[in-house]
Structures are given as C-alpha cells and as structure tokens.
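Trainee: starting from these lines, generate the structure:
(2 chains)
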Amino acid sequence: MTIDMSVEIGGLKLRGPVLAASGTFGYGTEVPLLERRALGAMVSKGIFLRPRAGTPPPRIVETPSGMLNAIGLQGPGVEGLIRDYAPQWAQWDFPVLVNINGETAAEYGELAARLDGVAGVAGFEINISCPNVEQGGLYFGNDPRAAAAVTDAVRKRTDLPVWVKLTPMVTDVGVIARACEAAGADALSAINTFVGMSIDLTTRQPRLSFRTGGLSGPAIRPLAVHLAHQAARAVSIPVIGIGGIMRADDALEFLVAGCAAVQVGTATFVSPNAIAQVHDGIAAYLASHGFESLSDLPRYLPRD
Amino acid sequence: MFLVEAPLVARREVARGMFVLSLDAPQIAQSVRAGQFVNLGWSPGPLLRRPFSVYRTEGDRIEVILKAVGGGTEQLLAMTARDTISCLGPLGHGFELSPGPRSVALVSGGLGVAPMPLAAREARAAGMGVTWVHGARSVDELCSEADGDQQIWATDDGSRGFAGTAVAAVPDADLVLACGPNRMLAAVAMRWPDAQVAVETYMGCGTGVCLGCAVPLARGGYDRACKEGPVYRAADVEWSMLPVHLPYAISS
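Mentor: Model (predicted):
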C-alpha cells in the first residue's frame, strides 16, 4: 500500500512532511548522498540583504547529545543568492523557501520584496532570532510587537507563503505565535536553537569565539516537542516541528504533538541521507498502524 | 563521495598511544587522494562524525591514525575486528602533486603524520625525490613508520635525531608539504609561503553545508576546511585567527 505523505502548509503543497532545516543544508547544492525523492521542501541557509563574513573559528562545538553553533549567518547576500542559487532551485522538483534575516523590520520587508517573483523562490521563512538594532538589540522574536512588525513588513511585500521561525528563548511561545498569526503568517516553524555556552577548562575561555551559540540535536528534542505543541495549541495555522529529530520516531512525536510537518537539521550532518530515512520511517509507521495517509494520523491537541 | 559501513580489519601501534586502524572501504580506498579525509561515525560514539586524514591505502583498505584524546577515540581503539565504522568520504581538497618540482619535503608534527604516506606515494609517482621530516616531543611519541628517500627525525627533547622542531630540521626542497599543530603550520607559512599545509579545525558535517569548519583567509573572509581545504597554500591562511588550543582535530 502506498501511503499518501503529501501535506499542504499555508497554501504550499508538499509531497512529504520532512523538510531540510535552514543552515543544515546550505543552498541545497552540496548534499550529494540524499535521496531527494523524499525531500518535502528545503529551507535555505539564512540570508541578509548584504553579504556577511560570519564569525571567527571555533564556530561549532559538540556538547552532550547536541552541538552548539555560532556561524554568524555567513552568506553571499541576496544578490549572490539570486545569481548563484535561485536559478538551480527553479529546476528542482521540490519547493525552496528562503530563510530571511534583518536588523530592522524594514530590512526583512526589503528582502522579501527583492526575492518576490524570483524564479526558484517558493516562499519565506522569517528568522526572528535576530537582534533589532532599532530596539537596542532586543531580539525580534522575544517581543510579540516586534515579531508581529517583522511578519507584517514581509507580508505586505509578498503574496508567497510566509512562515515565521520562532525562538525558544521566550516566556510564553504561544503569545509570540499568536502575534505572528495575527500579522499574517501562513505557518510557524517551531523551534529555533536554544542559546547555550560551553567553557574550555584549558584556556578558561568559552569554546566558541562568539561566546554563545545555538544548541541543536537530541539534547533539545523534548523541549522542542513541548514548545511546538504549545505553539500548535495557540494558533490555527500549521506548525512545522523542529528540534533534534534524528529518526522517524522523533518526527512522529512532533507530528502527534500537533505539527503538520517537520524539519530535520543536525541529523543531516551525521547521516547525509537522514531526511529520506525519516520520511520512509514515517510511512512505515503509518502503514503498520493502518493509516492510509499522513492526514489520518491522530494529533494530540487537547483543547482544555 | 561514498558512505560505507566499513569493517575494522586490523590495528597496530606505531608510537606510544598512537594507533593505525585499517578499515575495509573499497570505494574510498580506490578514489582517495593525498590530503583528503574521511568523516567517521561509530556506535555508540559521539553525536557528530569525526574527521580523519587517510593515512594509507592498501588494496580495498584505508588506514587512519589516531591517539585516544577523549571518550570517542577511546571507543574507536576498543573496537575489535569486524566491528563496523561508518565512513563518509573521501572528502575535501588534498595536496596538489603534479609533476614539476624535483624534490619535496613532507613535514609533520605528531599526528600530523596522518596525510604523509599518501603524499609520499603521489609525490614519487610525480617524479619527486621525497624527504620525510617527522617531529614529536620525544622519541617514544615519534611515529615509527616512515617513508621517503631521506628521513629526518626531530624531537623537542633531543631523544632522537635533530633536537628541536621538525620545521627547523627541513632541508632545501622545491616543495614543502606540512601537517601538524596550527602553531607549527604558522611557522611553516613564515618560512615557505608557498608550502601546502593541511589545517586542523573542528568540523560539523564534513560535506560543506554547515560552515562550522571556517578557515580565516589572509585576504579576508572564510572558507571551509572540509571543502576548499583542508589543504591550503600556507600564506593564504590568516594564522593569527586560527585557534592554537584545539584539543584535537583531523585526528581525534
């Protein structure tokens, strides 16, 4: 029996629920061993308007069941992306969303306007885990008004799907989720990395040159499942679960917890074909439990 | 690039605490070039794979060289024959050894010996005379396996060969290849700007997507040790920005 794994996320029809997470798949041109038939969509490495060099090394360090990274959003800027990558994306049989970043709400809007209509760009994922220079460096994602302002700035400049990637570094993720939904988001990605720190006892300095980094991997999975579940209960738009998914059972936890789809990130570093393995494992679970499609999977979303 | 479940077939000790593991990985053995590496994963192992230069190949086998520097490498050294190790490779951009130079000095410090046997083989095939220069803190830490038409040993404590660094012991050569601690490679860069050096960095994916293994460049910006590297023209690297205190790298 063939399982219908297709899913629709805010107007975007995907052939499967397993997506490549931003920053773990580059621009999609360098993961040669992946069986791409299984890839539902790809979210590009985060991009700013202008090119960025990134942070000095060390940029990554492994921690128990996880890794910290501080890459600094190294990238070619929007013009480099349009020139070098979008033309390739336009040939692919899965959609590519661009993860967009900025220092002001207006910059996010400008990025969306520049990319809107570029062949190969199917939508946007807004990274709101950036410091807002107009608010003393307060992260957009920590403040419902700033998160809504960024979402609104992008929404006004494009008719393509707009997803917002939530940060876990908040008191109540539901408040931010609702603010983004009200400002016009089509879907939410939950959750970004947790801010962490690790100290080298030889040098008595932080292991990362940037001092702190984003924690990903299995270490954050239960935290991420909880936050994705909270977000899913707070809104009526789809939520895409992210956080330490290494195998199909992990993805199924997010799906049952109320997510419409998932993104796989760190696992791709360990196993280049992780996305296909997760996809196939979900299909096998559905088949062995008597479901004919992903949409038949019961979700645990109590209303009380 | 191949992903292979490679059985461990042999292990030998080549210096105090320094071991060579032989793995059965035919596709990789037949395609790897000097200076390239494999990214190894094992069970239980750490979360991320660990990069190792390919030390030698023999038929369908590849060899890597390591010391126990932490829990992960201790697990690798505790494995027994027929245990399997997941091998992703060959990865990265290795040494450029086209015919031209008449002589090459292969300069290594400690585990920096890792890429040198393959380099010796390719250099010889390109018609070069090979001088092998290997250094360590003391005689018992020198890798006992050497190659080359001429061999020079260097120890910090003078317990074998030249008393001092491997870099200070290098004779005249048309081409210099080096691998070892970043501090040593910075010294190489001062003396031979055109030397080819294999740098050590932390790595995430090994395939070019995570940008975790950034190598600072003298002209500004960064590129990736796993893709454009790990071999660089010595003067192209901004050595002052590369950490010198990495507990390990291409060999842990």
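
Trainee: can we go C-alpha only for contacts and neighbour counts from here?
Mentor: Noted.

Trainee: any idea which helix or strand comes after the host helix or strand of B:Gln27?
Mentor: Here B:Gln27 sits within helix B:26-31, counting by DSSP states H and E. Note on helix B:26-31: by DSSP H and E, the next helix or strand toward the C-terminus is strand B:37-41.

Trainee: that following strand - contacts with which helices or strands?
Mentor: strand B:50-53, strand B:84-91 (3 or more CA pairs under 8 Å, 6 or more residues apart in numbering or on different chains; DSSP states H and E).

Trainee: can you redo those strands as JSON lines with mean neighbour count and distance to B:Gly71?
Mentor: Output for these, formatted as JSON lines (neighbours: other CA atoms under 10 Å in any protein chain shown; distance: least, CA to CA, whole Å):
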{"stretch": "strand B:50-53", "mean neighbour count": "27", "distance to B:Gly71": "12"}
{"stretch": "strand B:84-91", "mean neighbour count": "24", "distance to B:Gly71": "16"}
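
Trainee: closest one to B:Gln27 among these?
Mentor: Closest to B:Gln27 of these is strand B:84-91 (CA to CA; 9.0 Å).

Trainee: which strands or helices does that closest one pack on?
Mentor: The helices and strands touching strand B:84-91, judged by 3+ CA pairs under 8 Å, 6+ apart, are strand B:2-15, helix B:26-31, strand B:37-41.

Trainee: show me the one of these that comes nearest B:Trp192.
Mentor: With CA to CA as the criterion, B:Trp192 lies closest to strand B:37-41 of the helices and strands packed on strand B:84-91, at 24.1 Å.

Trainee: any idea which helix or strand comes after the helix or strand A:Glu110 falls within?
Mentor: According to DSSP H and E, A:Glu110 maps onto helix A:105-115. For helix A:105-115, the succeeding helix or strand toward the C-terminus, using DSSP H and E, is strand A:123-127.

Trainee: name the helices or strands packed onto the helix or strand of chain B with the lowest mean pLDDT?
Mentor: Lowest on mean pLDDT, DSSP states H and E among the helices and strands of chain B sits helix B:71-78, with a mean of 92. If you count contacts as 3+ CA pairs under 8 Å, 6+ apart, helix B:71-78 packs onto no helix or strand.

Trainee: alpha carbons only: can I get it in CSV?
Mentor: What follows is helix B:71-78, C-alpha atoms only, in CSV (Å, rounded to 0.1, in the frame of the first residue of the first chain):
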residue,chain,number,x,y,z
GLY,B,71,35.8,9.2,25.1
GLY,B,72,35.1,8.8,21.4
THR,B,73,38.6,7.9,20.3
GLU,B,74,38.8,5.5,23.3
GLN,B,75,35.8,3.7,21.9
LEU,B,76,37.4,3.5,18.5
LEU,B,77,40.5,2.0,20.0
ALA,B,78,38.5,-0.5,22.0
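
Trainee: check which residues of that helix are buried.
Mentor: Judged by neighbour count (16 or more other CA atoms under 10 Å in any protein chain shown), helix B:71-78 contains these buried residues: B:Gly72, B:Thr73, B:Leu76, B:Leu77.

Trainee: can you check stretch B:28-45 too?
Mentor: B:28-29, B:32-42, B:45.

Trainee: so which residues make contact with it?
Mentor: A:270, B:1-2, B:48-54, B:57-62, B:72, B:75-76, B:84-95, B:115-116, B:118-119, B:122, B:198, B:206, B:230-231 (CA atoms under 8 Å, 6 or more residues apart in numbering or on different chains).

Trainee: tell me the domain boundaries of chain B?
Mentor: Per the record, chain B has its domains at B:2-91, B:103-241, by automatic domain parsing.

Trainee: what about the first one, start to end distance?
Mentor: With CA to CA, to the nearest Å as the measure, the first residue of domain B:2-91 is 9 Å from its last.

Trainee: and what of stretch A:204-211?
Mentor: Stretch A:204-211 end-to-end distance (CA to CA) = 12 Å.

Trainee: whether that stretch contacts chain B - can you check?
Mentor: No. Stretch A:204-211 stays clear of chain B (CA under 8 Å from any CA of the partner chain), getting no nearer than 9.2 Å.

Trainee: how far off centre is that stretch?
Mentor: Its chain's C-alpha centre and that of stretch A:204-211 lie 26 Å apart, by CA atoms, centre = their mean, to the nearest Å.

Trainee: picking up where we left off before, distance to B:Ser144 added to the helices and strands packed on strand B:84-91, as JSON lines?
Mentor: Putting these into JSON lines (distance: least, CA to CA, whole Å) gives the following:
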{"stretch": "strand B:2-15", "distance to B:Ser144": "5"}
{"stretch": "helix B:26-31", "distance to B:Ser144": "23"}
{"stretch": "strand B:37-41", "distance to B:Ser144": "22"}
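
Trainee: mean pLDDT for the ones you listed - can I get that in a markdown table?
Mentor: Listed next are the helices and strands packed on strand B:84-91 as a markdown table, based on pLDDT from 0 to 100:
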| stretch | mean pLDDT |
| --- | --- |
| strand B:2-15 | 97 |
| helix B:26-31 | 98 |
| strand B:37-41 | 96 |
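
Trainee: so what would you say the end-to-end distance of stretch B:210-217 is?
Mentor: 18 Å.

Trainee: excluding chain neighbours, what is closest to the residue in the stretch 1-150 of chain B that chain A sits nearest to?
Mentor: Ranking the residues of the stretch 1-150 of chain B by distance to chain A (CA to the nearest CA) places B:Leu48 first, at 5.5 Å. Spatial nearest neighbour of B:Leu48, excluding adjacent residues (CA to CA, 6 or more residues apart in numbering or on different chains): A:Val270 at 5.5 Å.

Trainee: then A:Leu215?
Mentor: Once flanking residues are discounted, A:Leu215 sits nearest to A:Leu68: 4.5 Å by CA to CA, 6+ apart.
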